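Asker: Fold the following for me, if possible:
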Amino acid sequence: MMKFRYILPLALLTTLCATAAEPPRLVVQIVVSSMRAEDLDRYAGNFSDDGFRRLTGGGTFYPESHYDYLHTSTPVSLATLTTGANPSVHGIVAERWIDYVNNDVVELVKDRTAMGIDCDAGVGDCSPRNLVAPTLGESLQQSSPKSIAATVALDPVSAVVAGGYTRNVFWMDAPRANWVTSSFYADALPAWVQKYNVGREILGYIPFAWELKYPRDRYRNAQRTVVGLNKPEHLRRKRHRTATAEPENFAPNVPAGIDRMLYSPSGNAVTLAFATQLLTQMRLGKDAAPDLLTICLDAPRRIAECYGPESVEMEDMYYRLDDDLAQFLSYLYAQIPPEQAVVVLTSDHGTSPSYDAGVFERDRFNAAQFQVIVNSFLCAQHGPGEWVVDYEDNNLYLNHTLIYNKGLDLAAIQNEAATFAMQFRGVSHALSSTAMRSSYFGSGYGEKMQNSFYPRRSGDVVVNLMPGCIEERAGVRSKSGSMYGYDTTVPLILYGGGIPARRVGRSVDMTSVAPTLAYLLGIPEPAASEGTVLEEFRK
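Answerer: Numbers count the residues shown, from 1 in each chain. Predicted coordinates for the structure are as follows:
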């Protein structure tokens, strides 16, 4: 009898542990582009209880997560999120690079063998053929063939990089106001997507004007471009403008018509609305096979670039996104029990201070001028020629064919160009390809630059700009792509699925996200993953 008294609790404990260890039926990963680490705390006072604060207060919140590399642009960081690897392993160093064999430009997702389905030419000819490392979605589908992995984004680059070689990848053809995919992923759009497009629901999201959600005195940010004009109420609320009319309260460089969604909070709303439809129509989380839904919110990045992180526009975007997020979460957990669905909220990168914010304007790096001057320097050293092929996202590409034809040493030319680049205004560091292949940098700026270096695609010289300095581009006030905290440090939240409410102060590497989600789903982590499972989730 005594033996029975001890065996029964042990059996009960075993049952409870087995139940707790069951993987979630659905993981929803939401990536808010250009969200800085401090943004969720900075604007918390104006958030509702059902949006961002629901996640930060009810889940495991890492406010100081970081990417440990230089190239913090959207495709690079989305690849890190989905593969668990740094760029030096997953191979995505920029949206485009130079093929050293023929000096041609290679675009990350463009594929001449793929055709867009129900979209304009050039919008849908995309595929993941240039992706090197497998994604979390691929690992899920391989280990659980009945599982569904789906990805939604405004931008085809975001959608393809986050989706990888999975089957359900959708992005927006803004000129036609359609959600589309390419022939790489499907022979035709699913019937429910065709019906959604025919219903023209996207047209209801076109912003005719941008009005503040709250009275002006509730906003913390002071910089503004056009929002909050002191116009009479009856004029501000007119809705008779056509989609192509140019309203008075949008920045001059923001496109008219449907494309305006990409530069306003409507871009978030339309993306989450389509994700809700996908959730319903594809019955995600409705069976024992776990599913994965990745939602890339690209509009915040464009708003940050156009208006700057110090702007009222950026702040107002967060308040409106908070409402949209609250609606999405309410719908999600009405369909799937909270203990069976995990929501991950994070960002691909932060964004720089606006170059024109404050008393003094910050320097901007003139990439075109940089190319010309470096080329002139090499001409003076080694004779006339087109020594510089291109400059793309901190990467300077040299003409290998010319260098070899002249019988010169490539490593020597690379080192010459890197040394000369250090004299250029706005440049903080410059390392040659040879230096990064032949040396090991265990810390500091060298480590971050090396973590971004992929020999087949990175430039002959990799450049890091001064803090606050961005490349000079028309209409761009703020940009990501540096190794500094405002770009590399982002928030990370895991909510639902029995995950406890806690705020973890330690800094974590974003390569941990994919292996942690694989661990929760009970599947192998992506093959190239370098990260480790977050210690708070190891049982």
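
Asker: so where do the helices sit in the stretch 51-200 of the chain?
Answerer: Along the stretch 51-200 of the chain, counting by DSSP state H, counting those that start in this stretch, helices occupy 52-58, 74-83, 87-90, 136-143, 156-163, 191-198.

Asker: Could you list the alpha-carbon positions for the second one in CSV?
Answerer: To tie it back to what came earlier, the one meant is helix 74-83. Output of helix 74-83 as CSV, limited to C-alpha atoms (Å, rounded to 0.1, in the frame of the first residue of the first chain):
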residue,chain,number,x,y,z
THR,A,74,16.3,43.9,-43.8
PRO,A,75,17.1,40.9,-46.0
VAL,A,76,20.3,40.2,-44.0
SER,A,77,18.6,40.2,-40.6
LEU,A,78,15.5,38.3,-41.8
ALA,A,79,17.9,35.6,-43.0
THR,A,80,19.5,35.5,-39.5
LEU,A,81,16.0,35.3,-37.8
THR,A,82,14.9,32.4,-40.0
THR,A,83,18.2,30.4,-40.2
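
Asker: That one to helix 156-163, inter-axis angle?
Answerer: Angle, helix 74-83 to helix 156-163, by axes from the mean of the first three to the mean of the last three C-alpha atoms, to 10 degrees: 20 degrees.

Asker: cool, and the last one?
Answerer: For helix 191-198 and helix 156-163, the angle between their directions (the same axes, to 10 degrees) works out to 160 degrees.

Asker: Tell me the buried residues in helix 191-198?
Answerer: The neighbour-count check on helix 191-198 (16 or more other C-beta atoms under 10 Å) flags Val193, Tyr196, Asn197 as buried. C-beta here means a position set from N, CA and C on the backbone, and glycine is covered the same way.

Asker: In CSV: these, plus pLDDT.
Answerer: Formatted as CSV, the buried residues of helix 191-198 follow (pLDDT from 0 to 100):
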residue, pLDDT
Val193, 95
Tyr196, 94
Asn197, 91
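
Asker: Low-confidence bits of the chain, can you list those?
Answerer: Along the chain, segments meeting pLDDT under 70 span 1-21, 226-248, 256-257, 359-360.

Asker: Pro75 is in contact with Val157, isn't it?
Answerer: Yes - between Pro75 and Val157 there is a contact under C-beta atoms under 8 Å: 5.3 Å.

Asker: Give the residues shared as contacts by those two.
Answerer: Glu95, Leu108 (C-beta atoms under 8 Å, 6 or more residues apart in numbering).

Asker: Looking at those two, which has the bigger crowd around it?
Answerer: Counted by other C-beta atoms under 10 Å, Pro75 and Val157 do not tie: Pro75 has more neighbours, with 25 against 21.

Asker: which residues does the more buried one contact?
Answerer: The contact partners of Pro75, by C-beta under 8 Å, 6+ apart, come to Ile92, Ala94, Glu95, Leu108, Val157, Ser158, Val161.

Asker: Over to Leu40?
Answerer: Contacts of Leu40 (C-beta under 8 Å, 6+ apart): Phe52, Thr56, Pro63, Pro491.

Asker: quick one: which of those residues is nearest Ser512?
Answerer: Of all these, Pro491 has the smallest distance to Ser512: 14.0 Å, by C-beta to C-beta.

Asker: send the alpha carbons of the one helix or strand the closest one maps to over as CSV?
Answerer: Assigned by DSSP states H and E, Pro491 belongs to strand 489-496. What follows is strand 489-496 as a C-alpha-only set of coordinates in CSV (Å, rounded to 0.1, in the frame of the first residue of the first chain):
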residue,chain,number,x,y,z
THR,A,489,19.7,46.2,-30.6
VAL,A,490,16.0,45.2,-30.9
PRO,A,491,13.3,43.9,-28.7
LEU,A,492,12.3,40.2,-28.6
ILE,A,493,9.1,38.8,-27.0
LEU,A,494,7.8,35.2,-26.9
TYR,A,495,4.2,35.0,-25.7
GLY,A,496,1.5,32.3,-25.3
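
Asker: roughly how far is that strand from the heart of the chain?
Answerer: Computed by C-alpha atoms, centre = their mean, to the nearest Å, the chain-centroid distance of strand 489-496 equals 14 Å.

Asker: Describe which strands the following helix or strand past that strand pairs with in its sheet and in which direction.
Answerer: Following strand 489-496 in sequence order, the next helix or strand is strand 502-503 (DSSP H and E). Each strand paired with strand 502-503, and its direction, by DSSP bridges: strand 60-66 (parallel).

Asker: Report the angle between the partner strand and strand 489-496.
Answerer: Using the same axes, to 10 degrees: strand 60-66 against strand 489-496 is 160 degrees.

Asker: which residues sit against strand 60-66?
Answerer: With C-beta under 8 Å, 6+ apart as the contact definition, strand 60-66 has outside contacts at 37-38, 40-41, 55, 346, 485, 488-495, 499-510, 534, 536-537.

Asker: among the residues you listed, which ones are buried?
Answerer: Taking 16+ other C-beta under 10 Å as the criterion, what is buried in these is 37, 40, 55, 346, 488-495, 499, 504, 508-510, 534.

Asker: Just the C-alphas of the top helix by length along the chain, formatted as PDB.
Answerer: For the chain, the longest helix by residue count, based on DSSP state H, is helix 312-335. Extracted in PDB, the C-alpha atoms of helix 312-335 (Å, rounded to 0.1, in the frame of the first residue of the first chain):
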ATOM      1  CA  VAL A 312       5.500  62.400 -34.800                       C
ATOM      2  CA  GLU A 313       4.800  60.200 -37.800                       C
ATOM      3  CA  MET A 314       6.900  57.300 -36.500                       C
ATOM      4  CA  GLU A 315       5.300  57.600 -33.100                       C
ATOM      5  CA  ASP A 316       1.800  57.700 -34.500                       C
ATOM      6  CA  MET A 317       2.500  54.600 -36.600                       C
ATOM      7  CA  TYR A 318       3.300  52.700 -33.400                       C
ATOM      8  CA  TYR A 319       0.000  53.700 -31.800                       C
ATOM      9  CA  ARG A 320      -2.000  52.700 -34.800                       C
ATOM     10  CA  LEU A 321       0.000  49.400 -35.100                       C
ATOM     11  CA  ASP A 322      -0.900  48.800 -31.400                       C
ATOM     12  CA  ASP A 323      -4.600  48.800 -32.400                       C
ATOM     13  CA  ASP A 324      -4.000  46.600 -35.400                       C
ATOM     14  CA  LEU A 325      -2.000  44.200 -33.300                       C
ATOM     15  CA  ALA A 326      -4.600  44.000 -30.600                       C
ATOM     16  CA  GLN A 327      -7.300  43.100 -33.200                       C
ATOM     17  CA  PHE A 328      -5.000  40.400 -34.700                       C
ATOM     18  CA  LEU A 329      -4.100  38.900 -31.300                       C
ATOM     19  CA  SER A 330      -7.800  38.800 -30.300                       C
ATOM     20  CA  TYR A 331      -8.800  37.100 -33.500                       C
ATOM     21  CA  LEU A 332      -5.800  34.600 -33.200                       C
ATOM     22  CA  TYR A 333      -6.600  33.500 -29.700                       C
ATOM     23  CA  ALA A 334     -10.300  33.300 -30.400                       C
ATOM     24  CA  GLN A 335      -9.400  30.700 -33.000                       C
END
